[in-house]
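A.B. asks: Predicted model and sequence follow; I will ask about them next.
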Amino acid sequence: MSNYRITVLGGGAWGTALALTMARAGNSVRLWARDEAMVAAIGKGENPRYLPGIRLDPALEATTDLDAALEGVDCVLVVTPAQVLRAVLGEVRTKIPAHVPLVLCAKGIESTTGTLLSQIAGEILPQNPVAALSGPSFAADVARGLPTAVVVAAQDEARAAALALRFSTDSFRCYSTGDLVGVEIGGALKNVFAIAAGAVTGAGLGASAQAAMVTRGFVELRRIGAAFGAEPETLMGLSGLGDLLLSSASAQSRNFGYGLALGRGEPLGGRPLAEGVATAGIAARIARERGVEAPIITAVAGILAGAITIQEAVSALMSRPLRHEAE
Ligand SMILES: NC(=O)C1=CN([C@@H]2O[C@H](COP(=O)(O)OP(=O)(O)OC[C@H]3O[C@@H](n4cnc5c(N)ncnc54)[C@H](OP(=O)(O)O)[C@@H]3O)[C@@H](O)[C@H]2O)C=CC1
Ligand SMILES: O=C(CO)COP(=O)(O)O
């Protein structure tokens, strides 16, 4: 084990899987979660609420004590939901030294302001370097040690590459990029398209409609990404197309599952976290304000707001003016 000390904030599915992975990569890891019972359970080798049935390394150190978790830390992974990032960073603001990089692992956009997660981090901890980790990676797969590839992004590309090296294992391959905004936009918007794909499937519209929806969703992702200055290669990469493909085609995805339930007319209460629900409305507003055409995102936002039905949304999408595919 190296003495590079990583603290993971958040004991949900992804925080637990990443803490395990960081330890497998040879780092010295502490996991902070707010719930005593959860921390005790992790100490006994399982996270029964979020990763039931998956055996965790009992050596994984978990605590509810934030000061103890952050003492002497070299790098912090923030793995709580996007909509609580501001609150969580507010709690840790005075506890993390200025040189310590923050690696943002949530996928979303602040729903009340449209602020990207890296911008929130820049507002609250302006001295700390910010990175993001994203890509196709179901927590349960990663916790089991199944192989995948993700990307670590930071404006300072050398920093992204150094972090990627520290995070990689034989089964968790971390690429790196300097296109932080591109990685963030892909991770946030793929959740909205996954809801759309799930809704189409749940409504029984067929595999062809699902593929068409995902492909046209990708066109919207490229348009919005361009408006933010994202590099096209990033959107074509693991955090964009890669994660869109994963999340739009698997019932393992919470966002796809949410859309599936919507399409089937099933109750939506009590479902696990689906970040796309909070992101759809603000993404539609951002697209409108920036003059970007985003009919699928707008349709998902309208369905979630109860303003239109899935059938009405599909009819509206199918009757839009015909045009060249690349437009
Ligand atoms: N699950 C996955 O496969 C993947 C998830 N992600 C992303 O990671 C992020 C987290 O997802 P995931 O781990 O799955 O979510 P979960 O719902 O599994 O866990 C969320 C965790 O955040 C904690 N939490 C919520 N609010 C607060 C708060 N205000 N302060 C402190 N802790 C809080 C919860 O604590 P408590 O239990 O006490 O409520 C819980 O431990 C999301 O943005 C998701 O998109 C990315 C890749 C894969
Ligand atoms: O981001 C993920 C996989 O890369 C997890 O997707 P869901 O949040 O839709 O489950």
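C.D. replies: Happy to help now that I have it. Ligands and ions are numbered 1, 2, ... in the order given.

A.B. asks: Alongside ligand 1, which residues does this structure contribute?
C.D. replies: Within reach of ligand 1 by CB under 6 Å from any ligand atom, the chain has these residues: 10-15, 33-35, 50, 79-82, 84, 87-88, 105-108, 137-139, 272-273, 275. Using the backbone N, CA and C atoms, a C-beta is placed for each residue, glycine as well.

A.B. asks: need the helices for the stretch 151-300 of the chain, in chain order.
C.D. replies: 157-167, 180-202, 207-227, 232-235, 243-247, 254-264, 275-289, 295-304 (DSSP state H, counting those that start in this stretch).

A.B. asks: will you turn the ones you listed into TSV that also has mean pLDDT, distance to E61 and mean neighbour count?
C.D. replies: Output for the helices of the stretch 151-300 of the chain, formatted as TSV (pLDDT from 0 to 100; distance: least, CB to CB, whole Å; neighbours: other CB atoms under 10 Å):
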stretch	mean pLDDT	distance to E61	mean neighbour count
helix 157-167	98	18	18
helix 180-202	98	28	29
helix 207-227	97	38	18
helix 232-235	98	34	18
helix 243-247	98	29	23
helix 254-264	98	27	23
helix 275-289	98	27	22
helix 295-304	98	39	24
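
A.B. asks: In JSON lines, list the ones you listed along with distance to E312.
C.D. replies: Below are the helices of the stretch 151-300 of the chain laid out as JSON lines (distance: least, CB to CB, whole Å):
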{"stretch": "helix 157-167", "distance to E312": "43"}
{"stretch": "helix 180-202", "distance to E312": "12"}
{"stretch": "helix 207-227", "distance to E312": "15"}
{"stretch": "helix 232-235", "distance to E312": "29"}
{"stretch": "helix 243-247", "distance to E312": "24"}
{"stretch": "helix 254-264", "distance to E312": "13"}
{"stretch": "helix 275-289", "distance to E312": "16"}
{"stretch": "helix 295-304", "distance to E312": "8"}
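
A.B. asks: who are the neighbours in contact with D65?
C.D. replies: Neighbour list for D65: W32 [criterion: CB atoms under 8 Å, 6 or more residues apart in numbering].

A.B. asks: circling back to that earlier point, mind putting the helices of the stretch 151-300 of the chain into a markdown table with distance to ligand 2?
C.D. replies: Listed next are the helices of the stretch 151-300 of the chain as a markdown table, based on distance: least, CB to the nearest ligand atom, whole Å:
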| stretch | distance to ligand 2 |
| --- | --- |
| helix 157-167 | 15 |
| helix 180-202 | 5 |
| helix 207-227 | 14 |
| helix 232-235 | 15 |
| helix 243-247 | 5 |
| helix 254-264 | 3 |
| helix 275-289 | 6 |
| helix 295-304 | 13 |
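
A.B. asks: Cool, thanks, signing off.
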